[in-house]
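[1] fold the following and give me the result.
(chains A and B)
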Amino acid sequence: MIQFQLNGTLTEAQVRSGTTLFDFLREKGFFSVKYGSDKGETGADTVLVDGKIMNASLILIHTLEGKYIETVESFSHGQDIHPLQDAFIEEGAIQCGYCTPGMVLAIESLAREKENPTESDVKDVLAGVYCRCTGYVKPVIAATNYLTTKNAK
Amino acid sequence: MWYSINKIIKPDSLKEAYSLQNKTRVLFSGGSYLVAEKNPSIQSLIDINDLVGHGVTASMEGIHIDAGATLQTFLDTVESINSECRLLKGIKYSCPSKQIRNQRTFGGEIGKGRPNSEIMVFLHAVNAELTVIMETEKTVSIRDWNGDGIITKISYFPNQIDGIELERFSVLDSAPALVIVGAIKSGDHFEFSIGGSSGTIQTFSCRIEEWSENKNLAWAKEAVNAFVANHFGSLEYKEKLIATALQRVGETL
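    Reported below is the predicted structural model:
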């Protein structure tokens, strides 16, 4: 039995040994975490583990004892969405939306890690998330707008 | 789901972990390579995460990296001390995804031993020293390590090196490198390590006064034997890339 915090809720996982965090989250209905590949190449499966971005497909669940897991489901409550999600909508930085949760988590982790992240830092965290429709220009602008506003407060 | 895994073993010591290994039981630390591959012949994982260190100590005398330190931990620790460190660039080329850098450990990277890893070529160039646990603990040069034992620490000593350079050629900046050359200048000699889409990492050295374009061409001719011709280029093309990279790093040093 493994215990960890999942979006602020103490969660117990009693699963077989080779289960990945990705398998567990999808089974529990956290559909923001998407399948991209089994090798972590796409970043569609991005989650935050103790505030750090990681690929859920590469994490075996037994390694998560006592950890704090976040998915993008914790960023919104009904119509009340996270300012970063607002910035993506404002900028039109979404088309199919498949990679968007991964991008949002990646940028939020950067915002928490660095006080004044640069555009190069934004590009670095987005390098692990593949987008094949919107591309990266608008997400980078959305991220920069969000980070600038956040730092001005 | 890694269906073939039926047991996670948590040993009390690294010596015990070392003795437990066989073809179906393998060491597990970060897991980014192992879980990605999901080798169906592996049935048990020997989890050594709680038994290895996870830190990086950097000073002018030496860089000491615990085997359990992630690639991102190295970046976060060293970037603020020495932003010119060539290994920083090597890590970002070798592993552009921060998600994976947060998980992949140095021990795992060396254990995997990819010749097309900029990190591996760099560590070969600086002749990093590995602390390895087998029946006893010993230190061994990364160039001489045969893959046996559990790595606990990786160390290299910038104060013994007068200059380090890393050069790579790839189809795109973000693509895996066809050719990687790492080089150091130390005292009166140069040492060059050559990797990339090859079967192994090769090292050549000479006294600085003996280094010449002809020597580079001869080394490139020899080194290219470990490469294969493929859709990215012929052996002649790769030989020229190696020679060019050798020339560039030598001239820079």
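
[2] let me see the contact set for the most centrally placed residue in chain A.
    Here the mean C-alpha position of chain A is nearest to the C-alpha of residue A:105 (Cα atoms, centre = their mean), at a distance of 2.9 Å. Each residue near residue A:105 by Cβ atoms under 8 Å, 6 or more residues apart in numbering or on different chains is listed here: A:46-48, A:53, A:70-72. For the C-beta atoms, the positions are set from N, CA and C on the backbone; glycine is no exception.

[3] which one of those residues is nearest chain B?
    residue A:53 (4.9 Å; Cβ to the nearest Cβ).

[4] how about the nearest residue to the residue nearest to the centre of chain A, chain neighbours excluded?
    The shortest distance from residue A:105 to any non-neighbouring residue, by Cβ to Cβ, 6 or more residues apart in numbering or on different chains, is to residue A:46 (5.0 Å).

[5] what residues does that neighbour make contact with?
    A:33, A:53-56, A:101-102, A:105-106, A:128-129, B:99.

[6] what pairs with the nearest residue to residue B:106 once chain neighbours are set aside across the strands?
    Using Cβ to Cβ, 6+ apart and skipping the chain neighbours, the partner closest in space to residue B:106 is residue B:65 (5.0 Å). Legend: beta-bridge partners of residue B:65 under DSSP bridges are residue B:56, residue B:154.

[7] isn't residue B:65 up against residue B:56?
    Yes. Between residue B:65 and residue B:56 there is a contact under Cβ atoms under 8 Å: 5.2 Å.

[8] okay, and the common contacts of the two?
    Joint contacts of residue B:65 and residue B:56 (Cβ under 8 Å, 6+ apart) are residue B:74.

[9] more crowded one of those two?
    residue B:65 (29 against 20; other Cβ atoms under 10 Å in any protein chain shown).

[10] so what touches stretch B:196-205?
    B:115-116, B:120-121, B:124-125, B:143, B:168-169, B:176-180, B:189-195, B:219, B:222-223, B:226-228, B:230, B:232, B:238.

[11] could you export it as CSV, CA atoms only?
    C-alpha atoms of stretch B:196-205 as CSV (Å, rounded to 0.1, in the frame of the first residue of the first chain):
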residue,chain,number,x,y,z
GLY,B,196,28.0,9.9,-31.1
SER,B,197,26.1,7.4,-33.2
SER,B,198,28.9,4.9,-32.6
GLY,B,199,29.3,1.7,-30.7
THR,B,200,31.6,3.1,-28.1
ILE,B,201,33.4,6.2,-26.8
GLN,B,202,37.0,6.3,-27.9
THR,B,203,39.8,8.4,-26.4
PHE,B,204,43.0,9.7,-28.0
SER,B,205,45.7,11.8,-26.5
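
[12] what's the average pLDDT for it?
    The predicted model assigns stretch B:196-205 a mean pLDDT of 96.

[13] domain ranges for the chain?
    With no chain named, the answer covers chain A. A:2-75, A:83-152 (automatic domain parsing).

[14] right idea, wrong chain: chain B
    B:7-47, B:56-159, B:162-252.

[15] my read: residue B:235 touches residue B:224, true?
    Yes. Counting by Cβ under 8 Å, residue B:235 touches residue B:224, with 5.4 Å between them.

[16] quick one: which of the two has more around it?
    residue B:224 (24 against 14).

[17] in a helix, that one, correct?
    Yes. Assessed with DSSP: H, G, I helix; E, B strand; the rest coil, residue B:224 lies in a helix.
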